[in-house]
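Enquirer: Give me a model of this one.
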Amino acid sequence: MTVPRQIVHVDSPTEQRNPRTTDIDLMSTAGILETINAEDRRVPEAVRKVLPQLAHAVDYAVEALRNGRRVHYFGAGTSGRLATLDAAELVPTFNVPADWFVAHHAGGERALRQAVENAEDDAKSGAAEVSASVEPGDFVLGLTASGRTPFVLGALQAAGRLGARTALVSGNPGAVRPPEVDVLIAVDTGPEVIAGSTRMKAGTAQKIILTAFSTATMIKMGRTFSNLMVSVRATNAKLRGRTVRILREATGMSEQACADALLEAGGDLKVALVRLLCGVDTAEAADMVSSNDGYVRKALGACACEPAEVG
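Expert: Below you'll find the model as predicted:
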């Protein structure tokens, strides 16, 4: 395979020296922490500026999932580790199939715990990961602080050629969009506290973007009702208590009534919620949830019983 065309080599702000931290090694412990915190406060505003591009990425992901396809993350180093964390947490939080979000980290599982030399420089490895697991109609999100990590660009090039939608989260706002990328999300967090240490502000921005991206996708997929996690499955005592609390918040009913409804629904919070709010039996509630593709609001609307105000 040919090496992907690289992003134009504009030095990323993350590699430059930060004029506000040149004396950080002379500061007190409190001063160091205050300086780091002051820099961290710049990150949310930088992310806010790329929300329109992020919205396009969410819509592409929702389209893929609604069509029975998957979302893939590709990253190396900090980017890959954050992507792996985000994908892993979606399963227990939103009760999604384990293969809805798939994380691909340069160097494989071993690289999650320790650096694997040259893994991120292997464009062919990224392309091979795509060939082995990505299908036309999937959505592929690459993450790289520099905007030019070969493993990520190789994956995006291969994915685009395959017929998958693609997006790149980059910390290099001066770089141009590679031709194989549908959406470029270039967030400018500026120079790091320690020059080139992209585990800091650039990593924080990626964490914010990933969390917002996946949460918005889950909301659009009907995995919430209002701001409640109604798709969560109770697999331990803590989660069993949470599901009862969520049901009480949504219905205003007693703890015992909610616990009984959950038991009859086999732990399915959505079914229990529709049953209590619509006053139907569990079987009918299950049919209503199923016929409305798992969207609680749609199911409630079908029986004209949705409360005007939740909580």
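Enquirer: Now do stretch 284-291: everything it contacts.
Expert: 265, 268, 270-272, 274-275, 278, 280, 296, 299, 302-303 (Cβ atoms under 8 Å, 6 or more residues apart in numbering). C-beta here means a position set from N, CA and C on the backbone, and glycine is covered the same way.
Enquirer: Distance from the chain centre to that stretch, please.
Expert: Centroid separation for stretch 284-291 versus its chain: 28 Å, with Cα atoms, centre = their mean, to the nearest Å.
Enquirer: Could I get the buried residue list for it?
Expert: 285, 286, 288, 289 (16 or more other Cβ atoms under 10 Å).
Enquirer: picking that back up, I'd like to know which of the contacts of stretch 284-291 is nearest to residue 17.
Expert: residue 296 (51.3 Å; Cβ to Cβ).
Enquirer: Residue 225 is in contact with the closest one, correct?
Expert: Yes: with contact defined as Cβ atoms under 8 Å, residue 296 reaches residue 225; the gap is 4.0 Å.
Enquirer: What's the mean pLDDT across the lengthiest helix in the chain?
Expert: Assignment by DSSP state H gives helix 201-220 as the longest helix of the chain. Per-residue pLDDT over helix 201-220 has a mean of 98.
Enquirer: just to revisit the earlier point, just the buried subset of the contacts of stretch 284-291, please.
Expert: Buried among those by 16+ other Cβ under 10 Å: 265, 268, 270, 271, 272, 274, 275, 278, 280, 296, 299, 302.
Enquirer: Kindly reformat those as a markdown table containing distance to residue 181, pLDDT and secondary structure.
Expert: Below are these laid out as a markdown table (distance: Cβ to Cβ, whole Å; pLDDT from 0 to 100; DSSP: H, G, I helix; E, B strand; the rest coil):
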| residue | distance to residue 181 | pLDDT | secondary structure |
| --- | --- | --- | --- |
| 265 | 43 | 92 | coil |
| 268 | 39 | 91 | coil |
| 270 | 36 | 94 | helix |
| 271 | 41 | 95 | helix |
| 272 | 43 | 94 | helix |
| 274 | 41 | 95 | helix |
| 275 | 46 | 95 | helix |
| 278 | 45 | 93 | helix |
| 280 | 48 | 94 | coil |
| 296 | 35 | 95 | helix |
| 299 | 38 | 93 | helix |
| 302 | 40 | 85 | helix |
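Enquirer: Let me know the closest of those to residue 55.
Expert: Distance ranking of the buried ones among the contacts of stretch 284-291 against residue 55, using Cβ to Cβ, places residue 296 first at 23.2 Å.
Enquirer: how close does that closest one sit to residue 67?
Expert: Separation of residue 296 from residue 67 (Cβ to Cβ, to the nearest Å): 22 Å.
Enquirer: all helices for the stretch 1-150 of the chain, in order.
Expert: Using DSSP state H, counting those that start in this stretch, the helices of the stretch 1-150 of the chain run over residues 29-40, 43-48, 51-66, 78-94, 123-133, 150-162.
Enquirer: Would you mind finding the most buried of these?
Expert: helix 150-162 (a mean of 25; mean count of other Cβ atoms under 10 Å).
Enquirer: what's it packed up against?
Expert: Applying 3 or more Cβ pairs under 8 Å, 6 or more residues apart in numbering; DSSP states H and E, one finds that helix 150-162 contacts strand 71-75, helix 123-133, strand 139-144, strand 165-170.
Enquirer: tilt between it and strand 71-75?
Expert: Following axes from the mean of the first three to the mean of the last three Cα atoms, to 10 degrees, one obtains 150 degrees for the angle between helix 150-162 and strand 71-75.
Enquirer: What lies in contact with helix 150-162?
Expert: 1, 3-7, 72, 74-76, 79, 104, 106, 119-127, 129-131, 134-136, 138, 140, 142-144, 166, 168, 178-182.
Enquirer: Mind doing that once more with 6 Å?
Expert: 4, 74, 76, 106, 120-123, 125-127, 129-130, 134, 136, 140, 142, 144, 166, 180-181 (Cβ atoms under 6 Å, 6 or more residues apart in numbering).
Enquirer: quick one: residue 174 and residue 17, what's the gap?
Expert: 17 Å.
Enquirer: More neighbours: these two, which one.
Expert: Just comparing residue 174 and residue 17: by other Cβ atoms under 10 Å the higher neighbour count belongs to residue 174, 15 against 12.
Enquirer: what helix or strand is that one on?
Expert: Here residue 174 sits in a region with no helix or strand, counting by DSSP states H and E.
Enquirer: From residue 16, how far off is it?
Expert: Per Cβ to Cβ, residue 174 is found 11 Å from residue 16.
Enquirer: repeat for residue 181
Expert: From residue 181 to residue 16 the distance is 24 Å (Cβ to Cβ).
Enquirer: ok, these two, which is more surrounded?
Expert: Neighbours were counted for residue 181 and for residue 16 using other Cβ under 10 Å; residue 181 has more, 22 against 13.
Enquirer: Who are the contact partners of that one?
Expert: Neighbour list for residue 181: 156, 166, 168 [criterion: Cβ under 6 Å, 6+ apart].
Enquirer: Nice, that's everything, thank you.
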